[in-house]
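Peer 1: what's the 3D shape of this:
(one chain, ligands or ions: 1)
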Amino acid sequence: MTRYARQARFGPFGEQGQAQLEGLHVLIIGAGALGSHTAEMLVRMGVGRLTIADMDIVEMSNLHRQAVYDEQDVAEMLPKVKALKHKLANVNSQVPISTLYMEVTPTNISQLIRGTQPDVIIDGMDNFRMRYLINEAACEAQIPWIYGAVVGSKGSVYAFDFTGPCLKCLFGEMPETAESCAINGILPPVVQQVASMQVSELLRYASGNGFSKKLVTIDTFQVKYQTMNVDALKDTDCRVCSQHDYQLLNHNEHHPIEDLCGNAIRFRFKPQVFDHAELLPGTIVKRNNFATIIHYQDYTLTLFKDGRMNVHGLTEDTDVKTLFNTINKSFK
Ligand SMILES: [Zn+2]
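Peer 2: Just a heads-up that it's a prediction; the model follows:
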């Protein structure tokens with residue numbers, strides 16, 4: 001117990017909180033900025049068990065804000081879950097960590113939750129489409145989840161259980177043009193703060209103090225913090241948490257082109273493209289079992305096994321549709 005003595009000595013958490021934390025299984029969806037930082041904190045604190053699901057490899061543009069990853073991971077093109085598991089195993093070998101190198105989608109999220117049976121889910125995603133999906137899946141499975149979002153220098157956190165409002169009660173229907181870090185960039189300090197708040201909510205829950213039930217909003221650049229009591233926003237007619245009508249689950253509507261964080265876009269092709277990357281325009285500069293990196297004109301294309309392709313190096317003049325069509329035609 002000496003390993004955790006300093007945190008257990010904190011009265012409101014205590015030995016009992018520590019013991020309960022050690023019995024907790026947490027599912028983290030996303031191993032990017034929020035997911036990797038919450039994972040690290042929880043492993044250091046001796047959480048019972050972690051399952052982490054993510055589909056990306058470590059890229060240079062992640063390193064400014066994702067402190068657990070390094071240049072070696074980028075050079076090896078390691079999946080984030082693989083790099084994270086390796087690092088966290090060295091931090092605390094007593095915590096079992098299961099990793100899933102997969103894209104969480106409307107068609108597999110319920111199965112993921114049923115299959116892993118977590119006590120709590122942590123949102124480590126970077127877009128609202130996924131958060132609305134987690135909201136439905138967590139509600140369906142009756143598992144609490146801790147929302148966290150960061151964009152620019154702003155962040156927000158809220159921990160959802162089943163007595164208060166759900167994400168849809170708070171924010172209504174999914175915003176069509178939600179603020180995204182693709183447009184607004186992201187300042188690293190807000191990541192650490194939001195991840196810390198997410199973990200704080202988890203510690204409250206683990207130690208029997210219950211979630212704070214406060215919506216926390218932060219602006220690290222303006223150095224502004226606010227908390228809001230949003231219990232009254234519980235909508236007794238809410239489609240999700242009152243009527244249990246889950247319209248997002250099992251509806252797979254992947255767009256072939258979507259925005260990503262960091263001035264990048266994602267194309268989706270058939271998975272077979274991965275095995276025929278030499279047909280694509282440009283030059284293959286690196287490949288392993290997880291990804292192939294191609295230089296084409298001024299773009300860097302990262303092609304994944306499942307046919308996803310992240311495109312970096314966009315400018316204002318980039319005609320995204322033409323670029324997509326050019327690549328798409330090359331292997332037809
Ligand atoms: Zn609701």
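
Peer 1: what's the pLDDT at the closest residue to D123 other than its chain neighbours?
Peer 2: The shortest distance from D123 to any non-neighbouring residue, by CB to CB, 6 or more residues apart in numbering, is to Y147 (4.9 Å). Where C-beta positions appear, they are placed from N, C-alpha and C, glycine not excepted. Predicted confidence (pLDDT) for Y147: 97.

Peer 1: so Y147 belongs to a strand, correct?
Peer 2: Yes - per DSSP: H, G, I helix; E, B strand; the rest coil, Y147 lies within a strand segment.

Peer 1: pull the number of nearby residues for it.
Peer 2: Using other CB atoms under 10 Å, Y147 has 26 neighbouring residues.

Peer 1: quick check: bridge partners of it?
Peer 2: Taking DSSP bridges as the rule, Y147 bridges to Y158.

Peer 1: that one and L167 touch, don't they?
Peer 2: Yes - at 6.3 Å, Y147 and L167 qualify as touching, with contact defined as CB atoms under 8 Å.

Peer 1: joint contacts of those two?
Peer 2: Counting by CB atoms under 8 Å, 6 or more residues apart in numbering, the common neighbours of Y147 and L167 are R131, I134, N135, Y158, F160.

Peer 1: what is the most widely separated pair among these?
Peer 2: Using CB to CB, the shared contacts of Y147 and L167 reach their maximum pairwise distance at I134 and Y158, which is 12.3 Å.

Peer 1: so in the protein, which helix runs the longest?
Peer 2: Secondary structure of the chain per DSSP state H: the longest helix is helix 188-206.

Peer 1: give me the helices and strands touching that one, please.
Peer 2: Here helix 188-206 touches helix 14-21, helix 33-45, strand 120-123, strand 145-151, strand 154-160, strand 214-219, going by 3 or more CB pairs under 8 Å, 6 or more residues apart in numbering; DSSP states H and E.

Peer 1: now the fifth one: mean pLDDT?
Peer 2: Right, strand 154-160. The pLDDT scores in strand 154-160 average 97.

Peer 1: what's downstream of that strand, the next helix or strand?
Peer 2: Going down the chain from strand 154-160, the next helix or strand is helix 167-171, by DSSP states H and E.

Peer 1: now swap in the shortest one and tell me
Peer 2: The first helix or strand that comes after strand 120-123 along the chain, using DSSP H and E, is helix 128-141.

Peer 1: that next one near the ion anywhere?
Peer 2: No - against the ion, helix 128-141 shows no contacts by CB under 5 Å from the ion, the least distance being 7.6 Å.

Peer 1: return the set of buried residues in stretch 86-106.
Peer 2: With burial defined by 16 or more other CB atoms under 10 Å, the residues of stretch 86-106 counted as buried are K87, L88, N92, V95, I97, T99, L100, Y101, V104, T105, P106.

Peer 1: ok, now stretch 267-278?
Peer 2: Applying 16+ other CB under 10 Å to stretch 267-278 flags F267, R268, F269, V273, F274, A277 as buried.

Peer 1: which one of those residues is nearest L24?
Peer 2: Using CB to CB, those come closest to L24 at R268, 35.3 Å.

Peer 1: what about the closest one, distance to the ion?
Peer 2: According to CB to the ion, to the nearest Å, R268 and the ion sit 30 Å apart.

Peer 1: wait, that residue touches N252, no?
Peer 2: No - if you go by CB under 8 Å, R268 and N252 don't touch, sitting 11.2 Å apart.

Peer 1: I294 sits in which helix or strand?
Peer 2: In the assignment (DSSP H and E), I294 maps to strand 291-296.

Peer 1: so what secondary structure elements neighbour that strand?
Peer 2: Using 3+ CB pairs under 8 Å, 6+ apart: strand 291-296 touches strand 283-287, strand 299-304.

Peer 1: name the strands paired with that strand and say parallel or antiparallel.
Peer 2: strand 283-287 (antiparallel), strand 299-304 (antiparallel).

Peer 1: circling back to that earlier point, looking at the helices and strands packed on helix 188-206, which is nearest to the ion?
Peer 2: Closest to the ion of those is strand 154-160 (CB to the ion; 8.9 Å).

Peer 1: nice, that's everything, thank you.
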